[in-house]
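> Mind folding the following:
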Amino acid sequence: MIPLITKDLGLIPFRDAYRHQRRAVDMRQNDAGKDTLYLLEHHHVVTKGRNATESALISGPDLLTAKGVDLIETDRGGDVTYHGPGQLVGYPIIRLEAARRDIRRYVHDVEEVLLRTLDEFSIAARRDSAHRGVWVNERKIASVGIRISKWVTSHGFALNVDTDLSYFTLIVPCGIDNCKMTTMSKELGRTVCMDDVKRDVTRHFCNVFNRVAAVPIDAGVVCRE
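The predicted structure follows:
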């Protein structure tokens, strides 16, 4: 199996994480480096994908600034979304093997990683045929926005673990009218340990994408209740 390096960047500004991504993508496209899964949380930021619509951005620059929220245009697909503390963001930088070079399959597989992770916490989640991401009943709990260039992936997913959902009122999440957001903590009625979620995401990413972790997945503190 192909080795996967997992790097935990902690709480990091979007632009800094993007620089990490670009360096890793350039290396993989030039047959250097290793497949890498970046796991992190962002400072408050609203990002616009290549398909973003102006109507999805409810709040103007002044209100965003007053709330301490950056506004950044990106080169990923998708519409407008929010990232902030308490949300696990994953940026897989992997070179897709010939048999996996299908954009729809890649998105499906990323969603599968999230579905399996949520199942570990007894959260029954699902896909939606009309919209990317992962849902709990009619509430969206995770978003997927990707870029694939020369069959090397970047950007990825955002899973609401213990996110302050009030920030989503600044936008129309993912451009979906009347979209209701939720978090793992809200669904379970308790605090969820971010380290546990990172560990489960890493394990399921390896299983779904046929990778092997370069370091033991179960290393570190376990805080699952």
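> Below-threshold pLDDT in the chain: ranges please.
Where the chain drops to pLDDT under 70, the residues are 216-225.
> rerun at 90
Within the chain, the segments meeting pLDDT under 90 span 1, 48-62, 77-80, 129-130, 172-179, 214-225.
> Name the SS class of the residue nearest the centre of it, please.
Per Cα atoms, centre = their mean, the C-alpha nearest to the average position across the chain is that of residue 157, at 1.9 Å. What DSSP: H, G, I helix; E, B strand; the rest coil gives for residue 157 is strand.
> Next one: it from residue 83, what distance?
Separation of residue 157 from residue 83 (Cβ to Cβ, to the nearest Å) stands at 11 Å. C-beta coordinates here come from the backbone N, C-alpha and C atoms, glycine included.
> Common neighbours of those two, please.
residue 89 (Cβ atoms under 8 Å, 6 or more residues apart in numbering).
> Which residue ranges of this structure form strands?
For the chain, the strands defined by DSSP state E cover 2-12, 35-42, 45-48, 70-73, 80-83, 87-93, 126-128, 131-136, 139-149, 152-160, 180-181, 211-213.
> Among the ones you listed, which comes closest to residue 22?
Closest to residue 22 of the strands of the chain, according to Cβ to Cβ: strand 152-160, at 8.0 Å.
> so what's residue 108 up against?
By Cβ under 8 Å, 6+ apart, the residues touching residue 108 are residue 127.
> can you tell me which residues contact the residue nearest to the centre of the chain?
Applying Cβ under 8 Å, 6+ apart, we find residue 157 in contact with 89, 90, 110, 113, 114, 142, 143, 144, 145.
> Identify the bridge partners of it.
Counting by DSSP bridges, residue 157 is bridged to residue 90, residue 144.
> Would you mind stating the distance between it and residue 105?
Distance from residue 157 to residue 105, counting by Cβ to Cβ: 15 Å.
> same thing with residue 78?
Relative to residue 105, and taking Cβ to Cβ, residue 78 is found at 17 Å.
> How about residue 122: what's its closest non-neighbour residue?
Using Cβ to Cβ, 6 or more residues apart in numbering and skipping the chain neighbours, the partner closest in space to residue 122 is residue 188 (7.8 Å).
> Tally up the residues packed near that neighbour, please.
Close neighbours of residue 188, defined as other Cβ atoms under 10 Å, add up to 13.
> Over to the one 4 residues further on?
Close neighbours of residue 192, defined as other Cβ under 10 Å, add up to 23.
> do residue 1 as well
Neighbour count for residue 1, taken as other Cβ under 10 Å: 9.
> Repeat that for residue 112.
Neighbourhood size, residue 112 [other Cβ under 10 Å]: 17.
> how much space between it and residue 168?
Look at residue 112 and residue 168: by Cβ to Cβ, they are 24 Å apart.
> again with residue 203
28 Å.
> The two: which has the busier surroundings?
Higher neighbour count among residue 203 and residue 168: residue 168, with 21 against 17, using other Cβ under 10 Å.
> Could you pull up the residues touching that one?
For residue 168, the contact set (Cβ under 8 Å, 6+ apart) comprises 82, 181.
> ok, so of the contacts of residue 157, who is nearest residue 5?
Of all the contacts of residue 157, residue 5 sits closest to residue 90, with 13.3 Å by Cβ to Cβ.
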